[in-house]
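Asker: Sequence first, predicted coordinates after that:
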Amino acid sequence: MISLHSKQFLETNIKGFIIPSEKVAHVQIGNSLEHALLVLTKSGYSAIPVLDTKYKFNGLISSSMITDSILGLERIEFELLEGKKVEEVMVTNIPRISIDAKFEEIIELLVDYPFLCVIKEDGYFEGIMTRRIALKQLNRHIHRLNHFL
Ligand code: 2BA
């Protein structure tokens, strides 16, 4: 009985649980690092997606990537922020998931990544699945299982 319920949970689709693109703080290709740092600081998030002007996903950028890119030998060269672009420092080698993904797949990935970008086949950005949402659902599932013990 318990394993059947766990199987059902792991096979649940993530569709109803993602944060949709319009609610995700992001920056665009061509934006300066100064703008990206402003968005990161104001939103409070440590990393956010980088999209192009058509809302296609390109990569991720974090405050530490930005700081690292302007680190001189003796000081942080803040004056470089205006001239550098997000595409010069963002990372692109990160997992992408589809809207058809199931909890089984994403829980494994969320061990290493705080959030996962949900991307359509044509590259359009649909939203993110966060560690918080996944843990909340896992917690609900564990508490439901207690009824069977
Ligand atoms: P972090 O920014 O490192 O945030 C770690 C956790 O801290 C978040 O976990 C959330 O529980 C809390 N947190 C941080 N900033 C918050 C804020 N402004 N409002 C409410 N809670 C906040 P998760 O919710 O699991 O998010 C995991 C990661 O996903 C975040 O890591 C961030 O990089 C990204 N993220 C989450 N929501 C986002 C959004 N709406 N836009 C852009 N990125 C988002």
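Answerer: It's in.
Asker: Pull the contacting residues for residue 124.
Answerer: Applying Cβ atoms under 8 Å, 6 or more residues apart in numbering to residue 124 gives the contacts 54, 55, 56, 57. In short, each C-beta sits where N, CA and C put it, glycine included.
Asker: Which parts of this protein are helices?
Answerer: Assigned by DSSP state H, the chain shows helices spanning 2-10, 33-43, 63-69, 103-110, 131-145.
Asker: distance between the second one and the chain's centre?
Answerer: So the one you mean is helix 33-43. 16 Å (Cα atoms, centre = their mean, to the nearest Å).
Asker: For the ligand, which of the helices of the chain is the nearest?
Answerer: Relative to the ligand, the nearest member of these by Cβ to the nearest ligand atom is helix 131-145, separated by 3.1 Å.
Asker: quick one: contacts of that closest one?
Answerer: When contacts are defined by Cβ under 8 Å, 6+ apart, helix 131-145 is touched by residues 2, 5-6, 9, 12, 17-19, 103, 106-107, 110, 113-115.
Asker: In these, which residue is surrounded by the most others?
Answerer: Counting neighbours by other Cβ atoms under 10 Å, residue 115 leads those with 25 neighbours.
Asker: I figured that residue hits residue 127, correct?
Answerer: No - Residue 115 is not in contact with residue 127 according to Cβ atoms under 8 Å; the separation is 9.8 Å.
Asker: Residue 54: how many residues sit nearby?
Answerer: 10.
Asker: how close does the residue nearest the centre of the chain sit to residue 43?
Answerer: The residue lying closest to the centre of the chain (Cα atoms, centre = their mean) is residue 115, at 3.6 Å. Taking Cβ to Cβ, to the nearest Å as the measure, residue 115 falls 13 Å from residue 43.
Asker: for residue 28, same thing?
Answerer: Using Cβ to Cβ, we find residue 28 at a distance of 15 Å from residue 43.
Asker: What distance do you get for the closest residue to residue 30 other than its chain neighbours to the ligand?
Answerer: Of all residues not flanking residue 30 in the chain, residue 85 sits nearest, at 6.2 Å (Cβ to Cβ, 6 or more residues apart in numbering). To the ligand, residue 85 is 20 Å away according to Cβ to the nearest ligand atom, to the nearest Å.
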